[in-house]
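Undergrad: Fold the following, please.
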Amino acid sequence: MDFERKLLIGMVHLKPLPGSYLYEGSLDEVIDHAVSEAKKLEKAGFDAVMVENFGDVPFQKMADKTTVAAMSVVAKAVREEISIPLGINVLRNDGIAAYSIAYAVGADFIRVNVLSGVAYTDQGVIEGIAYELAKLRKLLPSKIKVFADVHVKHAYHFGDFEEALNDTVERGLANGIIISGKRTGSEVDLEKLKKAKEISPVPVIVGSGTTYDNLPKLWKYADGFIVGTWIKKDGKTKNDIDMERAKRLVGLARKLSKSLIT
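TA: Okay, here's the model as predicted:
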């Protein structure tokens, strides 16, 4: 997966998985829904899909074995039904599980919320896992990219943003960095995004809050956009993907790409 052009990465927010508090029924239903959502994104023209255990609230810092097993089955089913790159994010911060799942199912990238440093979150204090993930990447070499958040959403950060970014890349060995707003669906701080693009030696990805209306102003400061909330029906995160919204966003992105080239 490369960033020769700006990429749109669509979110597949999984329904609650077995073992989670809100899980009610059938893993087959979870799989069918995930595959359906992923196929919508590919049909709409998105460049990649990312699968995330969004329904597993309240989240654990590290996922349990039931979650990893179930998510592997779901991700494998998605991988078999789409041809575009696939990413994995295991909430809240289980990059080890994410990489393991990605390796097993043939995914292309993972997202890690706290690769380097410390975040104060609704799950408590979360510490970076860069060393543990680097060991696993050494043990299981692959082309899987690690995209890591800098000052991740749903968290408080007391360190300097620029230093956190440098540490995430230089000491955490991230292949790309993610800059988000304060919460799921909230718009990114444009000044932070500009600073990230200015100093980052790796691709910069907007991790939340991208919409049809703000994409033009964000376009020049990012190499990729992870989009979940705006492409859902009525722009609500828990709803299913709205194909018309998804197509509109892709159409705008292509228009912006063309204007950049010309």
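Undergrad: From now on I want contacts and neighbour counts done on CA atoms only, so please keep to that.
TA: Will do.
Undergrad: Starting from the strand ranked longest in the chain, tell me which strands it pairs with and how they run.
TA: Residue-count comparison of every strand in the chain, with assignments taken from DSSP state E, identifies strand 7-13 as the longest. Partner strands for strand 7-13, per DSSP bridges, with pairing direction: strand 48-52 (parallel), strand 224-227 (parallel).
Undergrad: show me where the chain has helices.
TA: If you assign secondary structure with DSSP state H, the helices in the chain sit at 27-44, 65-81, 95-105, 130-139, 161-170, 190-199, 215-218, 243-261.
Undergrad: Run through the residues that contact the spatially most central residue of the chain.
TA: Against the mean C-alpha coordinate of the chain, by CA atoms, centre = their mean, the closest residue is Arg111 at 5.1 Å. The contact partners of Arg111, taken as CA atoms under 8 Å, 6 or more residues apart in numbering, are 87-90, 95, 98, 146-149.
Undergrad: now these as JSON lines including pLDDT, neighbour count and distance to Ala246?
TA: JSON lines is the format used below for those (pLDDT from 0 to 100; neighbours: other CA atoms under 10 Å; distance: CA to CA, whole Å):
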{"residue": "Gly87", "pLDDT": "98", "neighbour count": "30", "distance to Ala246": "18"}
{"residue": "Ile88", "pLDDT": "98", "neighbour count": "29", "distance to Ala246": "20"}
{"residue": "Asn89", "pLDDT": "98", "neighbour count": "25", "distance to Ala246": "21"}
{"residue": "Val90", "pLDDT": "98", "neighbour count": "29", "distance to Ala246": "24"}
{"residue": "Gly95", "pLDDT": "98", "neighbour count": "29", "distance to Ala246": "28"}
{"residue": "Ala98", "pLDDT": "98", "neighbour count": "29", "distance to Ala246": "26"}
{"residue": "Val146", "pLDDT": "98", "neighbour count": "25", "distance to Ala246": "25"}
{"residue": "Phe147", "pLDDT": "98", "neighbour count": "26", "distance to Ala246": "23"}
{"residue": "Ala148", "pLDDT": "98", "neighbour count": "30", "distance to Ala246": "25"}
{"residue": "Asp149", "pLDDT": "98", "neighbour count": "26", "distance to Ala246": "24"}
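Undergrad: and of those, the nearest to Val206?
TA: Ranking the contacts of Arg111 by separation from Val206, with CA to CA as the measure, puts Asp149 on top at 9.6 Å.
Undergrad: ok, now which ones touch the closest residue to that closest one other than its chain neighbours?
TA: For Asp149, ignoring the flanking residues on the chain, the nearest one in space by CA to CA, 6 or more residues apart in numbering is Ile178 at 4.4 Å. Contacts of Ile178 were listed using CA under 8 Å, 6+ apart, and they are 147-150, 204-207.
Undergrad: how far away is Ile178 from Leu133?
TA: Between Ile178 and Leu133 the computed distance is 17 Å (CA to CA, to the nearest Å).
Undergrad: Could you list the buried residues of stretch 196-211?
TA: For stretch 196-211, burial by neighbour count (16 or more other CA atoms under 10 Å) applies to 196-197, 202-211.
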